[in-house]
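Participant: based on what follows, work out the 3D shape:
(one chain, ligands or ions: 1)
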Amino acid sequence: MTDVYNYYNNLIQMYGRPDDCVKCGKCEQRCPQHLKIRDFLADVKATLEG
Ligand code: SF4
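Facilitator: Okay, here's the model as predicted:
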């Protein structure tokens with residue numbers, strides 16, 4: 001297992017999985033950079049969970 005997967009596994013144990021997102025959009029409303037967080041979470045899932 002590579003370092004990135006170890007790091008990811010530690011993160012999801014502390015903060016949950018991308019699938020835990022209920023897509024409410026509240027984070028995007030508050031983000032000063034207007035990041036598309038819901039889309040990014042889907043990308044994270046596709047990249048790191050296959
Ligand atoms: S859209 Fe943002 S605030 Fe809402 S559940 Fe997902 S990550 Fe949390």
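
Participant: who in the protein is up against the ligand?
Facilitator: Residues of the chain lying close to the ligand (C-beta under 6 Å from any ligand atom) are 21, 22, 23, 24, 25, 26, 27, 37, 38. Where C-beta positions appear, they are placed from N, C-alpha and C, glycine not excepted.

Participant: do you know the pLDDT at the residue lying closest to the fifth one once chain neighbours are set aside?
Facilitator: If the residues on either side of it in the chain are set aside, residue 25 comes closest to residue 38, at 6.8 Å by C-beta to C-beta, 6 or more residues apart in numbering. Model confidence at residue 38, expressed as pLDDT, equals 98.

Participant: and the residues of the chain next to the ligand, which of them are in helices?
Facilitator: Secondary structure of the residues of the chain next to the ligand is defined by DSSP state H; positions in helices are 26, 27, 37, 38.

Participant: so which of those residues comes closest to the ligand?
Facilitator: The nearest member of these to the ligand, counting by C-beta to the nearest ligand atom, is residue 27 at 3.2 Å.

Participant: what residues are up against that closest one?
Facilitator: Neighbouring residues of residue 27 by C-beta atoms under 8 Å, 6 or more residues apart in numbering: residue 37.

Participant: distance of it from residue 35?
Facilitator: 8 Å (C-beta to C-beta, to the nearest Å).

Participant: find the nearest non-adjacent residue to the residue most central in space within the chain, please.
Facilitator: Relative to the mean C-alpha position of the chain, the nearest C-alpha, by C-alpha atoms, centre = their mean, is the one of residue 41, at 3.7 Å. Distances taken as C-beta to C-beta, 6+ apart place residue 18 nearest to residue 41, at 4.2 Å, with adjacent residues excluded.
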